[in-house]
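[1] after the sequence you'll find the predicted model.
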Amino acid sequence: MTELRILPLLGWPEVREGDDLAERVASSAELEDGDIVVLAQKVVSKAEGRVVRLDDVEPSERARELAGDEDPRRIEAILQESVRVVRSRPPLVIAETRHGFICASAGVDSSNAPEEGTIVLLPVDPDASAARVRERLRDLTGRTVGVVVSDSFGRPWRAGTTDVALGAAGIRPLLDLAGQRDRAGYELRHTQIAVADEIAGAAELVMGKMDGIPGAVLRGLDLAGEGTAQELVITPERDLFR
């Protein structure tokens with residue numbers, strides 16, 4: 001790699017359920033083989049109808065206990081999207097989602113929701129979402145690209161958030177350097193680079209949180225291959241903190 005370019009996808013109107021995201025990408029970027037298209041989770045979720053009206057949610061007693069001074073209906077949505085609550089300090093809830101992600105509010109968010117009184121849930125299967133967009137882009141453009149679905153996550157022991165890959169298709173999400181030697185001759189034994197997360201974080205630099213930019217195209221990387229973002233999720237037997 002001699003140069004990495006990050007090109008924002010500009011000029012998108014609000015995404016609604018049923019919208020063809022690949023068509024929007026193709027109309028706003030001249031794709032090349034090997035490009036990696038990064039789409040914000042919010043636009044993927046909206047296109048897939050993962051939007052909930054709070055008026056349709058009936059909070060449980062547990063949700064009311066965890067809500068503190070916040071809306072218990074939102075907490076109920078978080079509980080419904082969770083397989084377990086990892087930590088809570090009302091109204092903050094850290095939960096494990098059905099995907100195995102451990103994150104604040106199980107990924108349930110009201111920021112950038114389509115209208116007041118609605119919340120946006122994570123895609124049911126972000127890897128499948130990425131694969132569908134990739135195949136559709138191939139049909140529309142004839143180009144072979146990678147696709148990453150990204151979202152902002154906090155991290156233990158570090159302040160602030162950074163974007164990570166929730167879904168991926170057409171790329172190698174992990175770069176395994178085990179067995180290679182560094183410049184001093186030391187053999188790497190356990191080094192893996194979470195390149196899919198690095199791609200998501202790089203794209204976020206041009207997408208921002210307040211600019212309404214739904215995605216970006218990364219050009220110059222040689223990461224074509226097979227894999228899913230599920231490979232980035234630590235399995236329980238390897239998790240030292242459960």
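    Okay, I see it. Numbers count the residues shown, from 1 in each chain.
[2] could you pull out the strands in this structure for me?
    Remark: strands assigned in the chain by DSSP state E are 5-8, 36-40, 51-53, 82-89, 92-97, 102-104, 118-120, 146-155, 158-169, 175-176, 192-193, 215-219.
[3] for the residue nearest in space to the middle of the chain, give me its contacts.
    Centroid-nearest residue in the chain, with CA atoms, centre = their mean: residue 150, separated by 2.7 Å. The contact partners of residue 150, taken as CB atoms under 8 Å, 6 or more residues apart in numbering, are 38, 39, 40, 41, 163, 164, 165, 166, 199, 200, 203, 204. Where you see a C-beta, it was placed from the backbone N, CA and C, and this is true even at glycine.
[4] and of those, the nearest to residue 121?
    Ranking the contacts of residue 150 by separation from residue 121, with CB to CB as the measure, puts residue 41 on top at 9.6 Å.
[5] please name the bridge partners of the residue nearest to the centre of the chain.
    In this entry, residue 150 is beta-bridged to residue 40, residue 165, by DSSP bridges.
[6] need the per-residue pLDDT for it.
    On the pLDDT scale, residue 150 is placed at 98.
[7] before we move on, what about residue 1?
    Residue 1 is assigned a predicted lDDT (pLDDT) of 56.
[8] list the contacts of the helix or strand of the chain with the lowest mean pLDDT.
    Lowest by mean pLDDT, DSSP states H and E among the helices and strands of the chain is strand 175-176, with a mean of 78. Strand 175-176 has contacts (CB under 8 Å, 6+ apart) with 191, 192, 193, 195, 223.
[9] and what of stretch 3-20?
    Contacts of stretch 3-20 with the rest of the structure, by CB under 8 Å, 6+ apart, involve 21, 24-25, 28-29, 42-43, 46-49, 51, 114, 136, 202-203, 205-207, 212-221.
[10] tell me the one of the contacts of strand 175-176 nearest residue 58?
    Looking across the contacts of strand 175-176 and measuring by CB to CB, the closest to residue 58 is residue 195, at 42.4 Å.
[11] this completes my enquiry, with thanks.
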